[in-house]
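# Return atomic coordinates for the entry below.
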Amino acid sequence: MKHLPFLISLAIAMPAVAQTRPEEVMPEMKVIVAGVREGYRPAADTAQMLSSTPGYSVAAGGGVSGLPVVNGFADDRLKIRIDGMELTSACANHMNAPLSYIDPQQVQRIRLIAGVTPVSAGGDSIGGTIEVQSNAPVFAQPGAGLLTQGSLAVSGRSVNNSVATSVNASAASDTLSIGYSGATTRGHSYEDGHGNKVLASMYESINQAIVLAAKGDGQQLTLRAGVQHIPYQGFPNQYMDMTDNHGQFANLAYQGTFAWGVFDARAYWQQTDHEMGFFSPERKGAMPMITHGRNTGYALMASLPTAAGELRLGQEWHGFRLDDHWPAVPGSMMMGPRTYLNINDGKRDRTVLFGELETRHDGRWTSVLGVRGESVRMDAGDVQAYGTNMMNMPDLMAARAFNARSRSRRDTNIDATAQATFTPDLASSYAFALARKVRSPNLYERYSWGRGSMAMTMTNWFGDGNGYVGSIDLKPETAYTAAFTADWHGGGEEGWFLRVNPYYSKVDNYIDVDVLASFHPYMKMGANGNLLRFANHDAKLYGANVAWQLPLASSARWGRFMATGNAAYTRGKRSDGGDLYRMMPFNALLAVEHRLGAWNSRIETKIVARKDKVDARRFEPETGGYALVNLRSSVALNKMASLSAGVSNLFNRAYADPLGGVYLSGLKANGGALQALPAEGRSIDVGLQLTF
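Numbering: from 1, shown residues only. All right, here's what the predicted structure looks like:
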């Protein structure tokens with residue numbers, strides 16, 4: 001009966017939401033998730049949409065702000081583009097991560113390139129690229145008259161009584177198109193497998209976008225604009241919550257096809273006004289933190305056919321501006337009387353040139369060679385502490401030392417990639433890849449400066465309960481990666497396949513940490529934390545991903561049964577000893593799918609090994625192994641309506657996510673001892689979609 005309030009609220013909310021069970025392929029270490037309106041999707045967080053991909057995980061954040069992890073590389077080490085825009089977290093806790101700016105219902109296609117990223121797919125990253133495309137403009141057929149279409153949808157989950165709704169509508173002739181999409185999702189704090197509420201995990205998010213497009217004579221111009229509002233979002237593994245987030249964007253894209261090739265151009269602008277503080281009952285007090293971030297940029301690329309392939313040439317520029325300040329709290333001796341300037345007039349500008357040659361050597365060999373050069377300029381203005389009294393002395397001294405330094409930095413980064421694919425026959429292919437990839441530090445890694453324990457704990461996007469301070473002299477990370485993918489297959493799309501993808505990365509100047517001192521979070525003697533400085537250390541990451549599909553049975557009466565699955569193993573170690581943070585232990589996904597007419601069903605088991613390889617410098621908690629069973633089913637009621645339902649964590653297993661960090665919001669309720677963040681318990685997930 002505990003799910004009854006959720007089911008009643010969902011029934012009241014109906015009309016309808018798009019569901020997802022994405023289709024996956026992985027040629028050349030790529031994963032493409034497309035057709036996202038054709039299957040099942042219970043998640044409110046876009047970062048979760050790739051969760052069935054081997055080697056991919058999500059580090060827990062708020063309800064719509066998880067941080068993607070690919071083969072052990074997380075967050076800023078991945079290049080994330082939304083409709084070609086490069087977005088940057090404008091928060092010391094990365095609460096407004098790039099994927100939080102688009103709702104899953106607004107996504108039409110995701111492409112993940114793990115490990116070796118072609119230079120045309122982005123730089124300033126060492127772990128891979130995630131490209132998200134929202135709903136493409138739709139045009140009518142020539143001479144067909146006005147085309148109108150749309151959809152209404154609703155979905156919900158019982159584990160947090162969440163309801164998500166969306167609407168899409170468009171009208172178009174054969175040359176002009178206009179479309180609108182809106183999505184909202186809201187959830188209460190979720191329950192773990194013991195039935196306990198995980199404090200400060202509630203959220204609400206609203207996204208709206210409009211797209212205008214015109215085309216003709218092989219050319220198309222597309223303008224997208226939109227707004228986002230997150231009124232609140234709890235972060236159980238952080239000291240703060242998001243108390244408001246407003247974002248706006250405009251994105252103008254052009255594509256033209258000419259006799260000499262294809263030309264793509266894009267210019268974009270995005271800004272964020274973000275606030276952190278306390279809003280949940282378990283977190284009391286006042287400590288406003290305000291950030292303003294702005295992304296601007298353009299990208300130009302020409303694709304020129306050659307005798308045996310294609311040459312791609314490009315030039316890009318991306319600029320990021322950040323101001324992060326903490327207003328004084330009236331009457332507070334520690335947080336006043338002045339405004340604390342954390343990042344003042346932060347600047348990070350990247351200027352890019354690249355060239356990439358794709359060549360089909362014969363019917364069996366294809367290669368892609370590319371070089372990318374980036375100039376990264378960074379700077380920040382003078383800062384100040386809250387006050388000049390003894391309580392603020394560590395920050396006061398740190399501010400004086402910071403202001404006395406020259407803070408302007410310029411990095412010249414060179415990426416180079418080489419990929420080759422060998423296809424000896426129709427039943428196999430082999431992809432080989434080598435890359436040198438470089439990432440410069442972000443603004444917080446270089447310019448966060450506070451040395452008091454309170455100030456340092458406010459800079460933390462790791463969910464580990466520790467405190468961090470930057471280092472102006474950080475060097476860029478340089479990763480040398482080798483990867484290989486073997487793909488054996490037969491029987492076409494509905495047939496069998498086996499894909500094996502081992503990889504190895506040696507990272508020079510990996511941005512990790514040095515321990516400065518220790519402290520007790522919330523002054524609880526049973527909880528331990530460290531004060532850490534970002535520092536360069538060499539590291540290595542290696543592992544392997546495996547994916548498979550095997551037809552089991554097929555008949556006109558009983559339908560088609562298919563076994564699918566994947567497994568992943570990742571290790572990360574510092575060259576001077578110790579394990580890297582947020583390395584997912586061995587995990588596997590085993591599933592059986594059934595299709596019969598309009599019905600699609602799936603039973604899956606997620607198996608995760610015990611996590612005992614942990615980062616001792618961050619007091620990363622060990623987590624136990626576990627196995628989860630999920631059930632999914634969807635049916636097309638007719639051409640205009642589809643219904644889906646499922647149960648996540650069927651047996652209500654109590655467990656902790658290995659990448660969840662620590663349960664800070666529950667520290668006081670748990671007797672002052674830090675524990676790993678509890679994960680979600682059983683959830684009944686339902687959804688309905690109507691199209692017209």
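# Every contact and neighbour count from this point should use C-alpha atoms.
Noted.
# which strands and helices sit next to the strand or helix carrying residue 299?
Assigned by DSSP states H and E, residue 299 belongs to strand 289-306. Strand 289-306 is packed against strand 85-86, strand 261-277, strand 309-326, with contacts defined by 3 or more CA pairs under 8 Å, 6 or more residues apart in numbering; DSSP states H and E.
# closest to residue 669 out of those strands?
In terms of CA to CA, the element of the helices and strands packed on strand 289-306 nearest to residue 669 is strand 261-277, at 19.6 Å.
# Show me which parts of the closest one are buried, residue by residue.
262-277 (16 or more other CA atoms under 10 Å).
# Direction included, what does that strand pair against?
strand 241-258 (antiparallel), strand 289-306 (antiparallel) (DSSP bridges).
# Centre of the chain to the first one, how far?
Here strand 241-258 shows a centroid-to-chain-centroid distance of 16 Å under the convention CA atoms, centre = their mean, to the nearest Å.
# before we move on, what about the last one?
A distance of 18 Å separates the C-alpha centroid of strand 289-306 from that of its chain, computed with CA atoms, centre = their mean.
# and that strand, what's its mean pLDDT?
Average pLDDT, strand 289-306: 98.
# That strand to strand 309-326, inter-axis angle?
Interaxial angle, strand 289-306 versus strand 309-326 (axes from the mean of the first three to the mean of the last three CA atoms, to 10 degrees): 170 degrees.
# sorry, back to before: out of the strands paired with strand 261-277, which gets nearest to residue 613?
Of the strands paired with strand 261-277, nearest to residue 613 by CA to CA is strand 241-258, at 29.2 Å.
# hmm, who's touching stretch 301-319?
Stretch 301-319 is contacted by residues 86, 120, 260-265, 294-300, 347-361 when judged by CA atoms under 8 Å, 6 or more residues apart in numbering.
# For residue 566, find the nearest of the helices and strands packed on strand 289-306.
Here strand 85-86 is closest among the helices and strands packed on strand 289-306 (CA to CA), at 30.3 Å.
# any idea which helix or strand carries the residue found closest to residue 74 once you drop the neighbours it is linked to in the chain?
In space, and not counting its chain neighbours, residue 74 is closest to residue 68: 5.8 Å by CA to CA, 6 or more residues apart in numbering. Take DSSP H and E as the rule and residue 68 turns out to sit in strand 67-70.
# Each with direction, which strands does that strand pair with?
When DSSP bridges is applied, strand 67-70 pairs with strand 56-59 (antiparallel), strand 73-74 (antiparallel).
# thinking again about what came up before, in JSON lines: the helices and strands packed on strand 289-306, plus distance to residue 667 and mean pLDDT.
Below are the helices and strands packed on strand 289-306 laid out as JSON lines (distance: least, CA to CA, whole Å; pLDDT from 0 to 100):
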{"stretch": "strand 85-86", "distance to residue 667": "36", "mean pLDDT": "96"}
{"stretch": "strand 261-277", "distance to residue 667": "18", "mean pLDDT": "97"}
{"stretch": "strand 309-326", "distance to residue 667": "25", "mean pLDDT": "98"}
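# Make a markdown table from the ones you listed and add distance to residue 416 to it.
Formatted as a markdown table, these follow (distance: least, CA to CA, whole Å):
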| stretch | distance to residue 416 |
| --- | --- |
| strand 85-86 | 21 |
| strand 261-277 | 22 |
| strand 309-326 | 14 |
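# Tell me which of those approaches residue 378 most closely.
Comparing the helices and strands packed on strand 289-306 by their distance to residue 378 (CA to CA), the top pick is strand 309-326, with 9.5 Å.
# which parts of the closest one are buried?
Quick answer for strand 309-326 (16+ other CA under 10 Å): 310-326.
# Relative to that strand, what are the paired strands and their orientations?
With DSSP bridges as the test, strand 309-326 pairs up with strand 289-306 (antiparallel), strand 340-360 (antiparallel).
# Among those strands, single out whichever gets nearest to residue 650.
strand 289-306 (39.9 Å).
# Next, the buried residues of that closest one.
Going by 16+ other CA under 10 Å, strand 289-306 has these buried residues: 289-305.
# before we move on, what about stretch 597-616?
So stretch 597-616, judged by 16+ other CA under 10 Å, has buried residues 599-611, 613-615.
# nearest to residue 444, of these?
For the buried residues of stretch 597-616, the residue nearest residue 444 by CA to CA is residue 615; the value is 21.1 Å.
# how about the closest one, phi and psi?
phi -90, psi 110 (degrees, to the nearest 10).
# doesn't residue 574 make contact with it?
No. In this structure residue 615 lies outside contact range of residue 574 using CA atoms under 8 Å: 10.0 Å.
# how close does the residue nearest to residue 621 when sequence neighbours are not counted get to residue 160?
Spatial nearest neighbour of residue 621, chain neighbours left out: residue 676 (5.9 Å); criterion: CA to CA, 6+ apart. Taking CA to CA, to the nearest Å as the criterion, residue 676 is separated from residue 160 by 19 Å.
# before we move on, what about residue 139?
39 Å.
# who's more crowded, the two?
residue 160 (24 against 21; other CA atoms under 10 Å).
# Please give me every residue in contact with the residue nearest to the more buried one when sequence neighbours are not counted.
Spatial nearest neighbour of residue 160, excluding adjacent residues (CA to CA, 6+ apart): residue 190 at 4.1 Å. Applying CA under 8 Å, 6+ apart to residue 190 gives the contacts 159, 160, 161, 197, 198, 199, 201, 202, 680.
# try residue 427
488, 489, 490.
# Next up, phi/psi of it, please.
phi -110, psi 0.
# now swap in residue 444 and tell me
phi -70, psi -40.
# That one reaches residue 93, doesn't it?
No. With contact defined as CA under 8 Å, residue 444 and residue 93 do not form a contacting pair (9.7 Å).
# overlap in contacts of those two?
Contacts common to residue 444 and residue 93, judged by CA under 8 Å, 6+ apart, are residue 459.
# any idea where the helices of the stretch 501-650 of the chain begin and end?
Using DSSP state H, counting those that start in this stretch, the stretch 501-650 of the chain contains no helices.
# quick one, strands of it?
Here the stretch 501-650 of the chain has its strands, by DSSP state E, counting those that start in this stretch, at 529-555, 559-574, 587-596, 599-608, 626-636, 641-648.
# Looking at the ones you listed, which is nearest to residue 244?
Comparing the strands of the stretch 501-650 of the chain by CA to CA, strand 529-555 comes nearest, at 27.8 Å.
# beta partners of residue 252?
Going by DSSP bridges, residue 252 forms beta bridges with residue 223, residue 267.
# likewise the one 4 residues further on?
Note on residue 256: beta-bridge partners residue 219, residue 263, judged by DSSP bridges.
# need the contact list for it.
218, 219, 220, 262, 263, 264.
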